[in-house]
Every structure is written in structure tokens, then in C-alpha cells.
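[1] Here's a sequence, model it:
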Amino acid sequence: MGIEELLPTGLMLTTVEKVAGWARRSSVWPATFGLACCAIELMQTGGPRHDLGRFGMEKTGATPRQADLMIVAGRVSQKMAPVLRQVYDQMPNPKWVISMGVCASSGGMFNNYAIVQGVDHIVPVDIYLPGCPPRPEMLMDSILKLHDRIENMKLGKNRERQIEELEQARLSRVPLQMVPAGDLLRGVPVRSAVEPGAHE
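    I've put the predicted structure just below:
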């Protein structure tokens, strides 16, 4: 016999973190930053066929002070970079960024002096969405993945511990190693890049 049997019927047991995560996930308001052709797909995502309103995201504010999520859709020019950073700085915490399309993520085909080679040089990016342009379904998938991340975010000291654990996990990863195609065909075992003598 547990404590749940002593409680009145209809009472749900949960933690404050789970309730706060659910509330944050269910009320993400995007600050759209449509800069190029990806913005057309972003507008389509908010239309009746895909309907972002199902996820509590129907309000796309023109003011960054009421937004939680910045969706950077399209290439970012050097002239637009300070404006994008200013809008990001005006958003209240916690805030998230989705880099939509290959141009926002890495500069895309515009490898020149006028285009920023990845919006992550200006603002921290949470989700990179590839494609040229990505379909609305891909954007919705990335939004749902971001919702999952938001819902499972810890609070307070638990958040600091979670960040530290994630950083340690990333640092402990073995870096990728270039392997000649001939070695793969001959069945030569691939050694880790951190093993002694791996670079000899």
C-alpha cells in the first residue's frame, strides 16, 4: 500500500520540473526571422495545412520581447548580422534558436565575403535544420525535437548538473578519424584516434 492509495481520486502526482517543462513546451512563441527563400516554407508551416497552432505556436510576435524561439530562415548577410544579434538579445530567457536551411546553418552555396558562414557565429543554435529549402514537415520535426528538449530541461541546480554532464559526455567522445577506402575494403580494423600510435 503506497501513498497514492491514500490520496483522493483524480489527483496527479508529478514534479515541478515536469509541470514547468510541459508548460514551456506547450507555449513556445516564435520570433520569425525570414531572410530568404526558406521563409516561404516557414510561412507555409504556419498555414492551415500544417498548422503550428496545434503546438501552441500560433502567435508569431513582431516583437522579440514576447518570443521564446528564433527561427532563422535563410542566408544571413554581414549587414543583417548585428540586427539578428540585437533581436536575439531582446528576447527573454530561456530562449532557443533553430537554424533553418543550409544557408543559415553554413552559408550554403554563398561562400563569399557578404554572407555569414553559419548563424552560429552570431547566436547560439539549438537545432540545425538542413535542406535547400527544408520542407514544412522537416521544420515541424525539428520543432517537436526542440519541444522534447525543452520539456526534459532541468531547473535550478539540477540544470547546472545536467549541463555539466552533457559537456563531459561531449568531451569524452572519440573524434572521427579519416580512414582510407582501401583499408575498409581490405578489412583493416579502424583504430581510435586517441589510441597511442594511431597517427603513425
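[2] Could you check how far residue 95 is from residue 15?
    Here residue 95 is placed at a distance of 23 Å from residue 15 (Cβ to Cβ, to the nearest Å). (Glycine included, C-beta is placed from N, CA and C.)
[3] These two: which is more packed in?
    residue 95 (19 against 9; other Cβ atoms under 10 Å).
[4] tell me the mean pLDDT for stretch 124-138?
    Taken as a whole, stretch 124-138 has an average pLDDT of 86.
[5] Any chance you could list what contacts that stretch?
    37-38, 40-42, 44-45, 49-50, 96-103, 105, 108-109, 119, 139, 142, 145-146, 149 (Cβ atoms under 8 Å, 6 or more residues apart in numbering).
[6] And those, which of them are buried?
    With burial judged by 16 or more other Cβ atoms under 10 Å, the buried subset of these is 38, 41-42, 45, 50, 96-103, 105, 108, 119, 139, 142, 146.
[7] how would you label residue 49: helix, strand or coil?
    Secondary structure, DSSP: H, G, I helix; E, B strand; the rest coil: residue 49 is coil.
[8] for the nearest residue to it once chain neighbours are set aside, phi and psi?
    Spatial nearest neighbour of residue 49, chain neighbours left out: residue 136 (7.6 Å); criterion: Cβ to Cβ, 6 or more residues apart in numbering. The phi/psi pair for residue 136 (degrees, to the nearest 10) reads phi -60, psi -30.
[9] again with residue 164
    The phi/psi pair for residue 164 (degrees, to the nearest 10) reads phi -60, psi -40.
[10] now swap in residue 67 and tell me
    phi -120, psi 150.
[11] Bridged to the residue nearest the centre of the chain, which residues?
    With distances taken as Cα atoms, centre = their mean, the residue of the chain nearest its centroid is residue 127 (2.2 Å). Per DSSP bridges, residues listed as beta-bridge partners of residue 127: residue 98.
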